[in-house]
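Q: Give the three-dimensional model of this entry:
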Amino acid sequence: MDHTQKQVSNKTHQFNPHDLLDDPNIVTVTVNQAALILGIAKSTAHKAYKKTGFLLGDQVPVLVCGSRTIVSIAHLRAALNYPQPARPLAYAPSNVSDAINARRLAE
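A: Okay, here's the model as predicted:
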């Protein structure tokens, strides 16, 4: 099994790491997932963050939360000049008063 496949319930499924960049609901990824997105070896990514605390020079900070090491997907997108995906309207009201007024009108 190569690095673009994952094992789920004894079935192998193709995994496109760029799906992570396109999903507006994903905020962070692991260092391993960031390595897949960047097309570098996991060991290279881990060595870089342990040495500097960053990936891609100083563009993508790595955060340590307990035993997890995570990377902001927004920083990855910015470093790769990848467009921010549009958030669904249900998740991004223009402001609170508009949401309240729309609810009142619906009642």
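Q: State whether P17 and I37 are indeed in contact, as I suppose.
A: Yes. Using Cβ atoms under 8 Å, P17 is in contact with I37, at 4.6 Å. (C-beta placed from N, C-alpha, C; glycine too.)
Q: higher neighbour count, those two?
A: Here P17 and I37 are compared on neighbour count by other Cβ atoms under 10 Å; more neighbours surround I37, at 23 against 16.
Q: Shouldn't the more buried one be within a strand?
A: No. I37 sits outside any strand when classified using DSSP: H, G, I helix; E, B strand; the rest coil, being helix.
Q: dump the residue contacts of it.
A: When contacts are counted by Cβ atoms under 8 Å, 6 or more residues apart in numbering, I37 touches P17, H18, L20, L21, V29, L76, L80.
Q: Can you list which of those are found in helices?
A: Per DSSP state H, helices hold the following members of the contacts of I37: H18, L20, L21, L76.
Q: what about the first one, how many residues close to it?
A: Counted with other Cβ under 10 Å, the burial measure for H18 works out to 11 neighbours.
Q: Identify the residue spatially nearest to it, adjacent ones excluded.
A: Of all residues not flanking H18 in the chain, I37 sits nearest, at 6.9 Å (Cβ to Cβ, 6 or more residues apart in numbering).
Q: Likewise for the third one?
A: Counting by Cβ to Cβ, 6+ apart, L21 lies nearest to Y82, which is 5.3 Å off, once chain neighbours are set aside.
Q: Right, I'll call it a day here.
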